[in-house]
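[1] Here is my input, please return the structure:
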Amino acid sequence: MNTLMLSSKSYKENKEHDFGDCFISDNGNDVVVFDCGSNEHAEKVIEYLESNYGPDKKAIIVLSHNDSDHFNGIPKLIEKNKVEKVYTILLLKFYEELLEEIDDDRKTKDSIKRQILERYSNIASLGEQGLLENIYNEDNSFVKICNGIKAIGPSKEYVLEVAGQALDSRQGDTIDSETTVNATSVQISINLGTSKILLVGDASTKAIEDNAKEHQIIQIPHHGRLDHAEDLFEIKKDDKDTVYLISDNKGARPGGSEDLISKGKDKGHTIFNTRTEDTKNITSTTYQKSYRVGSYI
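    Residues are numbered from 1 along each chain as shown. This next block holds a predicted model:
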């Protein structure tokens with residue numbers, strides 16, 4: 001299993017463009033793309049598929065959440081007939097449970113459906129393509145994406161709690177230090193044999209805490225935001241060999257992991273960052289202690 005964390009470092013600079021996240025995982029048979037935040041990333045995915053498998057190969061997409069910097073390249077992949085299916089959280093399947101969660105007599109089934117379609121419009125737009133698949137099975141267990149890759153979060157209970165707040169006009173739009181849309185980002189686990197990668201999008205710390213303890217290579221949520229990094233360093237304080245990933249594809253714009261890097265927080269952690277590195281290949285050797293240098297990038 002190989003996983004590429006795409007970097008925008010070689011892309012043409014565009015100060016108004018947010019290049020977003022994109023990971024490509026390949027088990028030798030299936031290619032899984034976790035988020036695709038720009039057309040530039042989509043072009044890299046197409047190049048990978050065609051150079052490694054030929055012109056007819058399609059990818060399985062996992063969309064962590066609705067935001068454009070995780071979504072914007074997916075329509076191009078669909079247009080070029082490079083998508084087999086798209087896994088994400090399909091809230092429309094839970095509208096009756098959400099209605100109970102909100103407990104507001106002014107809400108109806110139809111109004112909840114309209115709110116979901118409006119608030120999660122990027123995801124809703126993919127429904128017309130017939131490619132959408134839920135990350136939950138009928139029994140609410142998580143789906144297996146392919147050999148070596150499975151969805152592992154967030155729990156359906158957390159999704160209902162957070163989405164219920166998002167759709168309830170009497171409540172705010174933030175929870176656990178994240179927006180409600182970000183907090184419930186899909187999480188996947190990628191098995192490298194000797195270690196496992198946890199990809200989390202922009203998820204809240206609360207949503208990923210238990211899963212983080214079971215993984216050795218972890219994406220720091222929300223493009224390496226400092227508070228998320230500090231939370232993870234504390235959660236994993238007994239495992240100094242953890243490798244952290246910062247998918248910080250902001251083009252020429254400031255922000256993202258800048259504070260984390262400039263402050264040099266917790267030197268000694270191994271951190272791969274797309275702002276300072278070209279596309280990173282993550283393999284079974286990434287976590288091996290003989291390979292690691294304890295560097296802070």
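[2] so where is the protein shaky, pLDDT-wise?
    Low-confidence segments of the chain, defined by pLDDT under 70: 13-17, 251-256, 261-267, 289-297.
[3] just the helices in it please.
    Ranges of helices in the chain, per DSSP state H, are 39-53, 68-71, 74-79, 95-102, 109-119, 121-126, 156-167, 180-183, 205-213, 221-224, 226-235, 258-263.
[4] Compare those helices and give me the one nearest Ser7.
    Ser7 sits nearest to helix 39-53 of all the helices of the chain, at 9.4 Å, using C-beta to C-beta. Quick note: C-beta positions are derived from backbone N, CA and C, even for glycine.
[5] With Val159 as the reference, measure out to Gly172.
    Relative to Val159, Gly172 is positioned 17 Å away (C-beta to C-beta, to the nearest Å).
[6] Give me the more crowded residue out of those two.
    When Gly172 and Val159 are compared for neighbours, Val159 comes out ahead with 23 against 10, by other C-beta atoms under 10 Å.
[7] Give me the spatial nearest neighbour of the more buried one, chain neighbours excluded.
    Thr184 (5.0 Å; C-beta to C-beta, 6 or more residues apart in numbering).
[8] Surely that neighbour and His65 touch.
    Yes: contact criterion C-beta atoms under 8 Å: Thr184 and His65 qualify, at 6.8 Å.
[9] what residues are shared contacts of those two?
    Ile89 (C-beta atoms under 8 Å, 6 or more residues apart in numbering).
[10] For the two, indicate the residue with more neighbours.
    With neighbours defined as other C-beta under 10 Å, Thr184 and His65 compare such that Thr184 has more, 30 against 24.
[11] dump the residue contacts of that one.
    His65, Ile89, Pro154, Tyr158, Val159, Val162, Ala163, Ala203, Ala207.
[12] Give me the neighbour count for the residue lying closest to Ile246 once chain neighbours are set aside.
    Counting by C-beta to C-beta, 6+ apart, Ile246 lies nearest to Gly224, which is 3.4 Å off, once chain neighbours are set aside. Using other C-beta under 10 Å, Gly224 has 25 other residues around it.
[13] Write down the beta-bridge partners of Val83, one by one.
    Beta bridges link Val83 to Ala59, judged by DSSP bridges.
[14] hang on, isn't it packed against Pro75?
    No: contact between Val83 and Pro75 fails when scored by C-beta under 8 Å: they sit 9.6 Å apart.
[15] Have a look at those two and say which one is more surrounded.
    Taking other C-beta under 10 Å, Val83 and Pro75 do not tie; Val83 has more neighbours (22 against 17).
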